[in-house]
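Asker: I'd like to go over a predicted model; first the sequence, then the structure.
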Amino acid sequence: QQQVKQSPQSLIVQKGGISIINCAYENTAFDYFPWYQQFPGKGPALLIAIRPDVSEKKEGRFTISFNKSAKQFSLHIMDSQPGDSATYFCAALRGSNYKLTFGKGTLLTVNP
Amino acid sequence: GAVVSQHPSWVICKSGTSVKIECRSLDFQATTMFWYRQFPKQSLMLMATSNEGSKATYEQGVEKDKFLINHASLTLSTLTVTSAHPEDSSFYICSARSGTNTGELFFGEGSRLTVL
């Protein structure tokens, strides 16, 4: 049973556009929702994260929207740039064990 | 942010040999480290949780005798792939959790293992 479902699998956006990636989770015990960016051949890097007591968090061009009742959260990348082209993973974590459950990833391509 | 270093970044070995991958937290003490495996174009799959000074906890389906994990100090965990076979070829990534209140997780750069 996949605990964190991520969509779309791939996304192509024009430079300057908005990239939106969605995730849904099932386990209500999750209390920390990070997004990771991964470039080919590299480990994932934390991009932005949110806790369920907040509905939105913004850091620069990156925004997480969180809907606790729907058990959904999404990543918005504003003014997308070719350098943002990477694979993005949403994840969820239960604070007691710090085990991350990852979504399947979204390959983002930003065309110049 | 904190730095987690993995070594080697890539390794090629012959089938039947053992390979050791190191994961070091460079500027913080990691109470817990995690080992993941990632196949091409797939997500990260947690293999095991490693706590300093105690035995690692393996996820279901992960062979503990195949993937030996040692967390000898608060800054070092090692993963040894024993008697490696071509199907063990993968990208292995570690993460480390700091002991601070936030307990943020930091990932290493990954180690690419190719077994011939």
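Answerer: Perfect, thanks for sending it. Quick caveat, the model's predicted, so the values are computed rather than measured.
Asker: Now A:V54: which helix or strand?
Answerer: A:V54 belongs to no helix or strand when elements are defined using DSSP states H and E.
Asker: count of residues packed around it?
Answerer: When neighbours are defined as other CB atoms under 10 Å in any protein chain shown, A:V54 has 10 of them. For every residue, glycine as well, the C-beta is placed using N, CA and C.
Asker: Please give me every residue in contact with it.
Answerer: With contact set as CB atoms under 8 Å, 6 or more residues apart in numbering or on different chains, A:V54 has these partners: A:F66.
Asker: Roughly how far does it sit from chain B?
Answerer: Taking CB to the nearest CB, to the nearest Å as the measure, A:V54 and chain B are separated by 15 Å.
Asker: Is stretch B:26-34 positioned near chain A?
Answerer: Yes: legend: contact between stretch B:26-34 and chain A by CB under 8 Å from any CB of the partner chain is shown at B:T32, B:F34.
Asker: now B:V81, nearest residue through space, not along the chain?
Answerer: Excluding the flanking residues, the one nearest B:V81 by CB to CB, 6 or more residues apart in numbering or on different chains is B:V19, at 4.8 Å.
Asker: surely that neighbour meets B:L113?
Answerer: Yes: with contact defined as CB atoms under 8 Å, B:V19 and B:L113 form a contacting pair (6.1 Å).
Asker: where do the contact lists of these two overlap?
Answerer: Contact criterion CB under 8 Å, 6+ apart; residues shared by B:V19 and B:L113: B:V11, B:C13, B:V81, B:A84.
Asker: count of neighbours near the last one?
Answerer: In this case it means B:A84. 22.
Asker: again with B:L26
Answerer: Taking other CB under 10 Å as the definition, B:L26 ends up with a neighbour count of 11.
Asker: Quick check: it vs A:R94, distance?
Answerer: Counting by CB to CB, to the nearest Å, the gap between B:L26 and A:R94 amounts to 27 Å.
Asker: same deal with B:K64?
Answerer: As for B:K64, its distance to A:R94 is 23 Å (criterion: CB to CB).
Asker: Equivalent analysis for B:E104, please.
Answerer: With distances taken as CB to CB, B:E104 is found 15 Å from A:R94.
Asker: who's more crowded, the two?
Answerer: Comparing B:E104 with A:R94 by neighbour count (other CB under 10 Å), the higher total belongs to B:E104, at 18 against 15.
Asker: can you pull the contacts of that one?
Answerer: Contacts for B:E104 were tallied using CB under 8 Å, 6+ apart; they are A:L46, B:A2, B:R97, B:S98.
Asker: Name the member of those residues with the most neighbours.
Answerer: Most surrounded of the contacts of B:E104: other CB under 10 Å gives B:R97, at 20 neighbours.
Asker: Go ahead and confirm that residue touches B:Q29.
Answerer: No: when contacts are counted by CB under 8 Å, B:R97 is not listed as touching B:Q29 (10.1 Å).
Asker: about what we covered before: tell me which entries of the shared contacts of B:V19 and B:L113 lie within helices.
Answerer: Among the shared contacts of B:V19 and B:L113, no member is found in helices (DSSP state H).
Asker: Kindly reformat the residues you listed as a markdown table containing pLDDT.
Answerer: What follows is those, written out as a markdown table (pLDDT from 0 to 100):
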| residue | pLDDT |
| --- | --- |
| B:V11 | 96 |
| B:C13 | 95 |
| B:V81 | 97 |
| B:A84 | 96 |
